[in-house]
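A.B. asks: Structure for this input, please:
(chains A and B)
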There are 2 protein chains.
Amino acid sequence: MLIVKKFGGSSVANKERVYNVAERILEDYKKGHKVVVVLSAQGDTTDELVAKAKEISSNPSRREMDMLLTTGEQQSVALMAMALENLGYPAVSLNAFQVAMRTTSVYSNARLKRIDAERIDAELERRNIVLVTGFQGINKYDDITTLGRGGSDTTAVALAAALNADRCEIFTDVDGVYTADPRVVKDAKKMDEITYDEMLELASLGAKVLHNRSVELAKKYGVELVVRSSLTQAEGTIVREECKVEKMLVSGVAADKNVARIAVIGIKDEPGKAFELFSLLGKHNINVDIILQSIGRKGTKDISFTVPRDALEEAKRLLEENLGKLAAQRLEHDDHVSKVSVVGAGMASNPGVAALMFESLYDADINIKMISTSEIKISVLIDERDTERALNAIHEGFKDRF
Amino acid sequence: MLIVKKFGGSSVANKERVYNVAERILEDYKKGHKVVVVLSAQGDTTDELVAKAKEISSNPSRREMDMLLTTGEQQSVALMAMALENLGYPAVSLNAFQVAMRTTSVYSNARLKRIDAERIDAELERRNIVLVTGFQGINKYDDITTLGRGGSDTTAVALAAALNADRCEIFTDVDGVYTADPRVVKDAKKMDEITYDEMLELASLGAKVLHNRSVELAKKYGVELVVRSSLTQAEGTIVREECKVEKMLVSGVAADKNVARIAVIGIKDEPGKAFELFSLLGKHNINVDIILQSIGRKGTKDISFTVPRDALEEAKRLLEENLGKLAAQRLEHDDHVSKVSVVGAGMASNPGVAALMFESLYDADINIKMISTSEIKISVLIDERDTERALNAIHEGFKDRF
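C.D. replies: The predicted model follows:
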């Protein structure tokens, strides 16, 4: 079997953890499997390098940031190779140049394009354990790029696809994907399996278990993922196209606080105005999520929508500058909101889910500001202060449906 | 003009020094020159990385050490590019992959083979300041290698040769090459110029100003070097094939304490025994320097020689194991010795130099244990405790000849 394993920065933060991970790697190697390992930078290394850069320049270029930050992963793989060799096993560390990890040109947020598996295959044939730097790539100018936050997950999935791996394990500090954040909801249960689509909805909703792009890539290439803990032997959660056991109604509940609501009041009710509004935001790379349009007074309409909270200031500025052009009267905004969602592949064919969710919130006396639904997701916008209560109330309401 | 500048690790150890170096770089850039800069890892970075490796493994492989250590230079060049950009000037950092810095295969002590100047030329054409990682290269397996201690000097000279540079400046924390170590000999004078050969002898004798290989390479490709301070505007010392001013008798005095003396006593006096002895040491990469053979008692001879002090234990072990084979009676050794030398291109045609050196030592009541001479050098082995006195005595003796 060929197995790709990815370990995050906290899993290799110090000597003890490096050796703990080395043992996890060897479990499979000793069984005769081929093992490829993707590592992130150790512990706080990336943050320390960012601080170093900020000391030199308040606005360092993205190209040079990528050149700087990628040294962290290179240190990780070299140190892990030393640990494995010290335990008596053959290992070889490789960086993005050495595995020809080609990406798009954009710095700090590149996308993987292709990997030349030749070098890795050759090392595996020699029975080497192959350690690959996560998070980084090379663009067409032969410059170093990075894949953005959580990019090492994407590296692992891409390698699993390129190498046609039998298994891709993502090791984290939790032992799988839960029905809700276990730090907030005590009764949260670990799932044995979850579909790519559910995982994508959960990740984009702030579940923070897997990097979204890694799940998209896994779905595209049919790479089965296992999310599991580097500290325990627990089985973890399998992420795949279809779940094998009978599908439960709802797979998870998640909250996202990086949300703000904007309302554009009194837009002239004529065709094209909504398009103008959202194309303006789109041009400036501001993602709009829940959208609600209501009829206003005297031939006008109001459009409310949510944006990431850290994009609120820019969105407000843009809209204020264009109020006239949009033929709107004024703006309102609210950055004390959060989005709570239930996700489940079984939801599409069961209209009772929304009702149960609303009932749970009503029983807990939580007011709903906006609603958005998709095939496998229902989201509500609520007051930020109610977030934790809402998660618990909904989880309790669905307790027999997980 | 195309100028290559090399700055060592202490010159870029912190923010202030990074900006100091940035200003030194800009002096020439602002005059319209093309500037290529070679940097070492910041301050103690390399030592810290070595400590990290040693924590993981007492005997890390050289390949993985090179993978680890080279991240230090990559950080340096990225940070310097940020500083230059922050000052409003265009800069681009490049690592060994990006400049195709090809070396021999051997890790931790590779030799440069060739550089593909294409990328650098293209960046210079765009008026970018080009920052290149020192100390590192890529071997034929596309693995990262390092050039050994002081390897950044070699990188700078190799780049100057490959780019056909007009000038190659090596910046250090002293303002040039001195007639003796100014910390030991108060009257030591800075030299305006020195030949490659003299510099080679001085470097191998422990003058620690320039990495030996960098001088060899400069001599081979006729690259004129300037050794100067990164902290002052002093002119520095020019290293070139022939000095333009009339050659002084002696150019410098240097001491080397990394020396130990071994004597093999009572070797059977027959052909081939000396050859056997030194080929044994050579096979184990132990460099032998001064050699003295004397006639012993009853058809035997004694051979004394010096080795680097850190190779003494291995040399002793090897020789003890082979005493029988060498038909020798016993070993003696002494690791409280040092080698003091005078170097000068004018020496060859002036037989008075040795006499003046011995007289200076005799006057200071310093005993000479061994003597070795070459075309442009005379070395003596003395008691380690006499080193500083010997340097001063010899420097004083030659004071009118520098």
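A.B. asks: now the helices for the stretch 201-350 of chain A?
C.D. replies: A:212-221, A:273-283, A:312-321 (DSSP state H, counting those that start in this stretch).
A.B. asks: looking at the ones you listed, which is buried most?
C.D. replies: Mean neighbour count (mean count of other Cβ atoms under 10 Å in any protein chain shown) peaks for helix A:212-221 among these, with a mean of 20. Placement of C-beta: from N, CA and C, glycine included.
A.B. asks: Pull that one out as PDB, backbone CA atoms only.
C.D. replies: C-alpha atoms of helix A:212-221 as PDB (Å, rounded to 0.1, in the frame of the first residue of the first chain):
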ATOM      1  CA  ASN A 212     -11.400  23.700   2.000                       C
ATOM      2  CA  ARG A 213      -9.300  23.400  -1.100                       C
ATOM      3  CA  SER A 214      -7.900  20.100   0.100                       C
ATOM      4  CA  VAL A 215     -11.400  18.700   0.200                       C
ATOM      5  CA  GLU A 216     -12.300  20.100  -3.200                       C
ATOM      6  CA  LEU A 217      -9.200  18.500  -4.600                       C
ATOM      7  CA  ALA A 218      -9.900  15.200  -2.800                       C
ATOM      8  CA  LYS A 219     -13.400  15.200  -4.300                       C
ATOM      9  CA  LYS A 220     -12.100  16.100  -7.800                       C
ATOM     10  CA  TYR A 221      -9.600  13.200  -7.800                       C
END
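A.B. asks: That one packs against which elements?
C.D. replies: For helix A:212-221, the elements it packs on are helix A:151-162, helix A:196-202, strand A:225-229, judged by 3 or more Cβ pairs under 8 Å, 6 or more residues apart in numbering or on different chains; DSSP states H and E.
A.B. asks: go with 6 Å
C.D. replies: helix A:151-162, helix A:196-202 (3 or more Cβ pairs under 6 Å, 6 or more residues apart in numbering or on different chains; DSSP states H and E).
A.B. asks: could you redo the helices of the stretch 201-350 of chain A as JSON lines and give each row distance to A:Q75 and mean pLDDT?
C.D. replies: JSON lines is the format used below for these (distance: least, Cβ to Cβ, whole Å; pLDDT from 0 to 100):
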{"stretch": "helix A:212-221", "distance to A:Q75": "22", "mean pLDDT": "92"}
{"stretch": "helix A:273-283", "distance to A:Q75": "39", "mean pLDDT": "86"}
{"stretch": "helix A:312-321", "distance to A:Q75": "36", "mean pLDDT": "93"}
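A.B. asks: what would the ones you listed look like in JSON lines with distance to B:L68?
C.D. replies: Below are those laid out as JSON lines (distance: least, Cβ to Cβ, whole Å):
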{"stretch": "helix A:212-221", "distance to B:L68": "27"}
{"stretch": "helix A:273-283", "distance to B:L68": "44"}
{"stretch": "helix A:312-321", "distance to B:L68": "41"}
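A.B. asks: what's the closest of these to B:G8?
C.D. replies: helix A:212-221 (41.2 Å; Cβ to Cβ).
A.B. asks: residues in contact with the closest one?
C.D. replies: A:D153, A:T154, A:V157, A:A161, A:Y196, A:M199, A:L200, A:A203, A:S204, A:L225 (Cβ atoms under 6 Å, 6 or more residues apart in numbering or on different chains).
A.B. asks: The same query, at a cut-off of 7 Å, please.
C.D. replies: Residues outside helix A:212-221 that contact it (Cβ atoms under 7 Å, 6 or more residues apart in numbering or on different chains) are A:D153, A:T154, A:V157, A:A158, A:A161, A:Y196, A:M199, A:L200, A:A203, A:S204, A:L225, A:V239.
A.B. asks: Can you verify my assumption that the third one contacts A:C168?
C.D. replies: Yes - here A:V157 lies in contact with A:C168, judged by Cβ atoms under 7 Å, at a distance of 6.0 Å.
A.B. asks: Tell me the residues that contact both of these two, please.
C.D. replies: The contact lists of A:V157 and A:C168 share A:V223, where a contact means Cβ under 7 Å, 6+ apart.
A.B. asks: And for A:K369, nearest residue in space, chain neighbours not counted?
C.D. replies: Nearest non-adjacent residue to A:K369, counting by Cβ to Cβ, 6 or more residues apart in numbering or on different chains: A:L381, 4.4 Å away.
A.B. asks: Can you name the next helix or strand after the helix or strand where that neighbour lies?
C.D. replies: Using DSSP states H and E, A:L381 falls within strand A:377-383. With elements assigned by DSSP H and E, the helix or strand that comes after strand A:377-383 is helix A:387-397.
A.B. asks: Which pair of the contacts of helix A:212-221 spans the longest distance?
C.D. replies: A:A161 and A:S204 (21.3 Å).
A.B. asks: okay, which residue is most central for chain A?
C.D. replies: A:H211 (2.8 Å; Cα atoms, centre = their mean).
A.B. asks: is it true that that one touches A:D153?
C.D. replies: Yes - shown here, A:H211 and A:D153 form a contact pair, counting by Cβ under 7 Å, at 4.1 Å.
A.B. asks: which neighbours do those two share?
C.D. replies: Between them, A:H211 and A:D153 share no contacting residue, judged by Cβ under 7 Å, 6+ apart.
A.B. asks: Distance of the residue sitting furthest away from the middle of chain A relative to A:L319?
C.D. replies: The outermost residue of chain A relative to its centre, with distances by Cα atoms, centre = their mean, is A:K298 at 43.6 Å. Applying Cβ to Cβ, to the nearest Å, one obtains 21 Å for the distance of A:K298 from A:L319.
A.B. asks: Excluding covalently adjacent residues, which one is nearest to A:V307?
C.D. replies: A:A315 (5.1 Å).
A.B. asks: Next, the contact list for the one you found, please.
C.D. replies: Counting by Cβ under 7 Å, 6+ apart, the residues that A:A315 touches are A:I262, A:L281, A:I286, A:V307.
A.B. asks: repeat for A:M80
C.D. replies: Neighbours of A:M80 in contact, by Cβ under 7 Å, 6+ apart: A:V12, A:V18, A:V21, A:A22, A:L39, A:L131.
A.B. asks: got any ranges where chain A has weak pLDDT?
C.D. replies: Flagging of chain A using pLDDT under 70 yields the residue ranges A:206, A:244-248, A:348-349, A:351.
A.B. asks: how about the residues of it that lie near chain B?
C.D. replies: Counting by Cβ under 7 Å from any Cβ of the partner chain, chain A comes close to chain B at A:15, A:18, A:52-53, A:55-57, A:60-61, A:64, A:67-68, A:71, A:74-75, A:78-79, A:81-83, A:85-86, A:93, A:97-98, A:142.
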